[in-house]
Every structure is written in C-alpha cells, then in structure tokens.
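> Got a predicted structure plus its sequence, pasted below:
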Amino acid sequence: AQSVTQLGSHVSVSEGALVLLRCNYSSSVPPYLFWYVQYPNQGLQLLLKYTSAATLVKGINGFEAEFKKSETSFHLTKPSAHMSDAAEYFCAVSDKGRNQGGKLIFGQGTELSVKP
Amino acid sequence: GAVVSQHPSRVICKSGTSVKIECRSLDFQATTMFWYRQFPKQSLMLMATSNEGSKATYEQGVEKDKFLINHASLTLSTLTVTSAHPEDSSFYICSATKRSGAAYEQYFGPGTRLTVT
C-alpha cells in the first residue's frame, strides 16, 4: 500500500529565506511522486513530479525536489521564498506506481506562510 | 496543454434538493476521472474513480446512492449530490487522467464550492 506523510502542517518563513517542505512516502512499488500547490478556493496545480528519470526534479516557480530512496523522502525546496509562494502544498504518491494512471494518495498538506 | 474545467464554480442549494457538478477535459480525452472532496484546511479525500462507459468505483464510506457519478464520454464526468444536506457542504474537485508518453498525469479542475442551506 502507498502512503504519504508531510511533516509540519504549517511552515512559516521570511521572504527571501529557504523553503523546505518535508514529505516521506511509503510504497510497495517504484513510486510516482508529485508536489501540488493550492491557492485559496482553487484547484491543485502541479509543481513537479518524479518519474524516475532524475532524482533531482525541477519544477515551476523555482521549486525543486529530490527523490531519496534510502530515506523514502521527496522534500520540496526553494532557495528564496516569495510572498506569492504563500499557499497550501500537497505531496502525493500514485497508488499504482509509475505508468499505471492510478489514483493519487495525498499527504495532509502543509500551509506555507511567507513573512515580509 | 491539459485543461480541466468544472461547472459551476459555486453553488448554493436548499436542503433536500439535488445538485449536479460537471467536470470536463477541454483539450484531451480522459479515460479516467477522479472526484475528490475537501473540507476547510484539510487534504483531498478521494470519493470515487470514474471510468468512461462503466460504473464508478467508490471509496469506502462514500454513499454511491447519494453521490451519483456518470462518465458518459471521454471528456465529461458528472457528480450529482442527491438530497443534499448541510453536511454535504464542501469543496469538490475533479481530476482527469491524461496519458503522457508511457506515463499518466492527473490534471485538476478548479473546484466547485457547494453550500447547502
């Protein structure tokens, strides 16, 4: 079975500071991992995804994530936070691994606040 | 691109009435669509998996007679909340699966805010 755990329901950083959002996964098959961002009253927007091509994945808006199999982690980072990054972030794993089009299992979400 | 739309974006209905929410993939065909429910400050909870031309698969605890799902074509799935009650008030989000090479990706709609009075 697949599952995702996001450490920290709320993270607060200062503008210009490093953003680190943590995600650990459990998967019985080679994982297919995602990070999504959600702004208030909106749907989810894909930030980036891991599909086994490269362990360091670069996404939109300056975000990137590194897949670490030994740590079963897929943490999201951004070198310098911007006020517009304030949003809810979700880590997700596909329940059937890669290439299967399976349903997504979401973590609990992390709310990112950015202080001026 | 891969755009998914939902209609309506917001709806208010009276208790006991039914509400239909549409999910459309605008520029691709989606063999599978998913319906999620999200309460304030919470994660997305998968309600059901909708496959074109077949019955939807509901997650445990989701009443299939209350949340009717129809996937009549490769670009349209509908969720009907029957005999709505205030506790059904929530944010409903759909997603549609698009094949990308050898893999699949889900694209999400903007969500529908349902308020039952």
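Structure received. Numbers count the residues shown, from 1 in each chain, chains lettered A, B, ... in the order given.

> List the pairing partners of the least confident helix or strand in chain A by mean pLDDT within its sheet, with orientation.
The helix or strand of chain A with the poorest confidence is strand A:104-106; it has a mean of 89 (mean pLDDT, DSSP states H and E). Using DSSP bridges, the strands paired with strand A:104-106 in its sheet are strand A:87-94 (antiparallel).

> Can you report how many residues neighbour the nearest residue to B:Trp35 once chain neighbours are set aside?
Spatial nearest neighbour of B:Trp35, excluding adjacent residues (C-beta to C-beta, 6 or more residues apart in numbering or on different chains): B:Met47 at 4.6 Å. Quick note: C-beta positions are derived from backbone N, CA and C, even for glycine. For B:Met47, the neighbour count with other C-beta atoms under 10 Å in any protein chain shown is 24.

> Next, the contact list for B:Met47, please.
By C-beta atoms under 8 Å, 6 or more residues apart in numbering or on different chains, the contact set of B:Met47 is B:35-37, B:58-59, B:62, B:67, B:79.

> How much space separates the nearest residue to B:Pro86 once chain neighbours are set aside from B:Val62?
Closest residue to B:Pro86 apart from its sequence neighbours, by C-beta to C-beta, 6+ apart: B:Val116 at 4.9 Å. According to C-beta to C-beta, to the nearest Å, B:Val116 and B:Val62 sit 17 Å apart.

> Then A:Leu21?
The spacing between A:Leu21 and B:Val62, counted by C-beta to C-beta, is 29 Å.

> So for those two, which sits in the more crowded spot?
Neighbour count, other C-beta under 10 Å: between A:Leu21 and B:Val62, A:Leu21 has more, with 24 against 17.

> Okay, and that one sits in which element?
strand A:19-26 (DSSP states H and E).

> Provide the contact partners of that strand at residue level.
Contact with strand A:19-26 is made by A:1-8, A:11, A:13, A:31, A:33, A:35, A:63, A:65, A:71-79, A:81, A:85, A:89, A:91, A:93, A:107, A:110, A:112, as judged by C-beta under 8 Å, 6+ apart.
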